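1. one predicted model, sequence on top.
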Amino acid sequence: MEFIVEKIGMSRTIDINSAPVTLLKVIETKVCEVREDGKALVTYNSSKKINKSIEGQQAKYGVTKEFNKFMTIEVAAGTEAGDLDMSVLSSAQIVKTSLNSKGRGFQGGVKRHGFSGAPESHGHRMGRRTGSIGNCEWPGRVMKGKKMPGHMGNAKVTVKNDIVSFDSENGILVLKGSIPGHNGARGLVRIVK
């Protein structure tokens with residue numbers, strides 16, 4: 001079963017064994033229609049502008065104007081149209097969280113792959129550049145997958161975390177450890193156990 005979440009930020013537990021935790025807000029979601037394959041079309045509030053096609057979907061499923069983003073997620077068997085039941089998060093122990101990592105833009109080999117760079121003294125002018133990337137006569141080309149400078153971050157990352165607690169009244173999910181993405185990023189949480 002999946003839930004749409006928004007990352008609030010990180011904190012620590014106040015305990016003898018203090019541990020870092022990430023706070024996630026479970027977004028209020030309405031189920032519009034359940035399919036036979038265990039997935040459902042759901043809607044939730046987003047900053048997306050409303051156009052004619054969104055208005056048509058809102059009218060078709062009878063949802064209010066604040067529910068303006070539609071997507072398909074996995075739901076539990078027996079789920080019907082209406083509000084998505086979040087009570088199962090109270091008894092869950094482990095979840096997988098999928099969010100987009102922070103975007104870093106175009107980065108060099110030192111930051112992107114941890115290359116050491118060249119010596120910086122005694123007249124060396126190489127600095128942090130990649131250097132020679134080709135090989136000899138055979139195969140005479142740069143191999144696919146070569147670690148080189150390029151776009152870094154802003155990719156979907158999935159991590160597994162233990163649930164520390166769930167506040168059902170406010171919809172706050174507390175997970176042990178860190179979660180990818182910036183504060184305010186939205187993603188999915190899937191119950192594993």
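-> Received the coordinates, thanks.

2. the bottom helix or strand of this structure by mean pLDDT?
-> Lowest on mean pLDDT, DSSP states H and E among the helices and strands of the chain sits strand 82-83, with a mean of 81.

3. which elements pack onto that strand?
-> Applying 3 or more C-beta pairs under 8 Å, 6 or more residues apart in numbering; DSSP states H and E, one finds that strand 82-83 makes contact with strand 29-34. For the C-beta atoms, the positions are set from N, CA and C on the backbone; glycine is no exception.

4. can you pull the buried residues of the strand it packs on?
-> Residues of strand 29-34 classed as buried: 29-32, 34 (neighbour count, 16 or more other C-beta atoms under 10 Å).

5. stretch 58-71 too?
-> Buried-residue list, stretch 58-71, by 16+ other C-beta under 10 Å: 58, 61, 63, 67-70.

6. could you do stretch 35-51 as well?
-> 40-44.

7. of the residues you listed, closest to residue 175?
-> Using C-beta to C-beta, residue 44 comes nearest to residue 175 of the buried residues of stretch 35-51, at 20.0 Å.

8. any idea how far the closest one lies from residue 32?
-> 11 Å (C-beta to C-beta, to the nearest Å).

9. got the angle between the helix ranked longest in the chain and strand 29-34?
-> As assigned by DSSP state H, the longest helix anywhere in the chain is helix 52-61. Helix 52-61 runs at 80 degrees relative to strand 29-34, counting by axes from the mean of the first three to the mean of the last three C-alpha atoms, to 10 degrees.

10. now the element after helix 52-61, going C-ward?
-> Downstream of helix 52-61, the first helix or strand assigned by DSSP states H and E is strand 69-74.

11. tell me what that following strand is packed against?
-> strand 2-12, strand 39-44.

12. give me that answer again for 7 Å
-> strand 39-44 (3 or more C-beta pairs under 7 Å, 6 or more residues apart in numbering; DSSP states H and E).

13. give me the residues contacting the strand it packs on.
-> Strand 39-44 has contacts (C-beta atoms under 7 Å, 6 or more residues apart in numbering) with 4, 27-34, 61, 63, 67, 69-75, 79, 84.

14. domain map for this structure?
-> The chain is divided into the following domains under automatic domain parsing: 2-102+157-191, 104-130+142-152.

15. check the offset of the first one from the chain's centre.
-> Meaning domain 2-102+157-191. The chain centroid and the centroid of domain 2-102+157-191 are separated by 11 Å, computed with C-alpha atoms, centre = their mean, to the nearest Å.

16. what's the span of that domain from first residue to last?
-> 7 Å (C-alpha to C-alpha, to the nearest Å).
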